[in-house]
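1. Next one to model:
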Amino acid sequence: MSAPNKISRQLSLDLYIDQLKLQDFTPAVIHLRTSQLRHFHVWLEDRDPTPQQVSIYLAELRARGRQPNTIRSHYYALKPYMLYLEAPIKIKLKRHQRLPHYHPKDDVDRLLATIEARNDPWRKLKTRDALIVRTLSLTGIRLSELIALKVYDITQHYLTVRHGKGDKDRVIPLQSTLTIQLKDYISQNNLSASDRIFPLHPTTIDLMFKNYTRKAGLHHLTPHSLRHYFATTLAEKGAPLRHIQELLGHSDIKTTAIYLDLVPQHLSATIKLLEEE
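-> Numbering: from 1, shown residues only. Take a look at the predicted model:
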């Protein structure tokens, strides 16, 4: 490549990075993407940045043993950059599916027992904390949806999630005991219709969980784990996949289908053949 073309290519990269800094990204993301783009340009040497070169570059990263998530991160840095250069890339990256951790009912019961056993100066919070665990595990709502939950979202035996992921609303039937517990909690705390039921920051709830799970000796159990617990429990009991999808608010049923892989009951009869003589 001639010197003027090389200078032009570097100028295009610098201009793109300047635009990147004006976008709504965290400083850490901007730093990472800048580093990845510069690394790509060093790898190019005297070659032009083309879709074919991007494919070769990602393939070389894979050949060097880079993790799938790292390759995907480079791809997400390069895709908008190539679009900026008016040379869009169309590469399909294979997704490596990781199943969520499986938690049986015993784990949730042990967590609730640990909360109930709390006996420090802040033990009055255990009613709230146990209700948070029950609400997450019996409705499958996300932590952000729990925090946004208001009193008027609880009506009769239903819970309404407003502006969930994808700005979608959905209605979830409430288990009868949970309905009573929520209404009692609302009454005891004199909450008005527009009040949030659990006005807490996500970090506060995360720290709360870490404290209880450490004491209970439970690993990998987080607020989001209770969403998985809700789904796997329904899958174990034979609930239709479409119904689980609606309750969880998944836009794609493929996302819901992972719970069938997590609870492969259809293989149980096959394994039982080993017990036959």
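
2. Show me the shaky parts of the stretch 151-277 of the chain.
-> 261-277 (pLDDT under 70).

3. could you pull out the helices for the stretch 51-200 of the chain?
-> With DSSP state H, counting those that start in this stretch as the criterion, the stretch 51-200 of the chain has helices at 51-63, 68-84, 105-116, 126-139, 143-148, 176-188.

4. Mind giving me the packing neighbours of the shortest one?
-> Taking 3 or more C-beta pairs under 8 Å, 6 or more residues apart in numbering; DSSP states H and E as contact, the helices and strands that helix 143-148 lies on are helix 126-139, helix 202-216, helix 223-236. To be clear about C-beta, it is placed using only N, CA and C from the backbone, and glycine gets the same treatment.

5. Format the ones you listed as JSON lines; extra columns: distance to residue 166.
-> Output for those, formatted as JSON lines (distance: least, C-beta to C-beta, whole Å):
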{"stretch": "helix 126-139", "distance to residue 166": "18"}
{"stretch": "helix 202-216", "distance to residue 166": "19"}
{"stretch": "helix 223-236", "distance to residue 166": "16"}
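
6. Which among those helices is found nearest to residue 55?
-> helix 223-236 (34.6 Å; C-beta to C-beta).

7. counting contacts, what elements does the closest one pack onto?
-> Using 3+ C-beta pairs under 8 Å, 6+ apart: helix 223-236 touches helix 105-116, helix 126-139, helix 143-148, helix 202-216, helix 241-248, helix 258-262.

8. rerun at 7 Å
-> Using 3 or more C-beta pairs under 7 Å, 6 or more residues apart in numbering; DSSP states H and E, the elements in contact with helix 223-236 are helix 126-139, helix 202-216, helix 241-248, helix 258-262.

9. what angle sits between that helix and helix 241-248?
-> Direction vectors for helix 223-236 and helix 241-248, defined by axes from the mean of the first three to the mean of the last three C-alpha atoms, to 10 degrees, enclose an angle of 160 degrees.

10. buried stuff in helix 223-236?
-> Buried residues in helix 223-236, defined by neighbour count with 16 or more other C-beta atoms under 10 Å: 223, 225, 226, 227, 228, 229, 230, 231, 232, 233, 234, 235.

11. Now do it: everything it contacts.
-> Residues from elsewhere that reach helix 223-236 (C-beta atoms under 7 Å, 6 or more residues apart in numbering): 100-103, 108, 133, 136-140, 142-143, 205-206, 209, 244, 248, 259-260, 262-263, 265.

12. So the most centrally placed residue in the chain versus residue 141, what's the distance?
-> For the chain, the residue nearest the mean C-alpha position is residue 224 (7.5 Å; C-alpha atoms, centre = their mean). Going from residue 224 to residue 141 by C-beta to C-beta, to the nearest Å gives 11 Å.

13. With residue 91 instead?
-> For residue 91 relative to residue 141 (C-beta to C-beta), the value is 35 Å.

14. surely residue 247 meets residue 140?
-> Yes: look at residue 247 against residue 140 with C-beta atoms under 7 Å: they come within range, at 5.6 Å.

15. quick one: which of the helices of the stretch 51-200 of the chain is nearest residue 25?
-> helix 68-84 (10.9 Å).

16. mean confidence for that closest one?
-> In this model, helix 68-84 carries a mean pLDDT of 90.

17. One more: stretch 110-123?
-> Average pLDDT, stretch 110-123: 95.

18. For residue 8, find the nearest of the helices and strands packed on helix 143-148.
-> helix 202-216 (46.0 Å).

19. for that closest one, packing partners?
-> helix 105-116, helix 143-148, helix 223-236.

20. What angle do helix 223-236 and it make with each other?
-> Relative orientation of helix 202-216 versus helix 223-236 (the same axes, to 10 degrees): 70 degrees.

21. And helix 202-216, what's buried?
-> Per 16+ other C-beta under 10 Å, helix 202-216 contains these buried residues: 205, 208, 209, 212, 213, 216.

22. just stretch 162-181 next, same as before
-> By 16+ other C-beta under 10 Å, the buried positions in stretch 162-181 come out as 164, 170, 172, 174, 178, 179, 181.

23. Ends of that stretch, what's the gap?
-> Using C-alpha to C-alpha, to the nearest Å, one end of stretch 162-181 lies 21 Å from the other.

24. Run the chain-centre distance for stretch 228-236.
-> Averaging C-alpha positions (C-alpha atoms, centre = their mean, to the nearest Å) puts stretch 228-236 16 Å from its chain's average.
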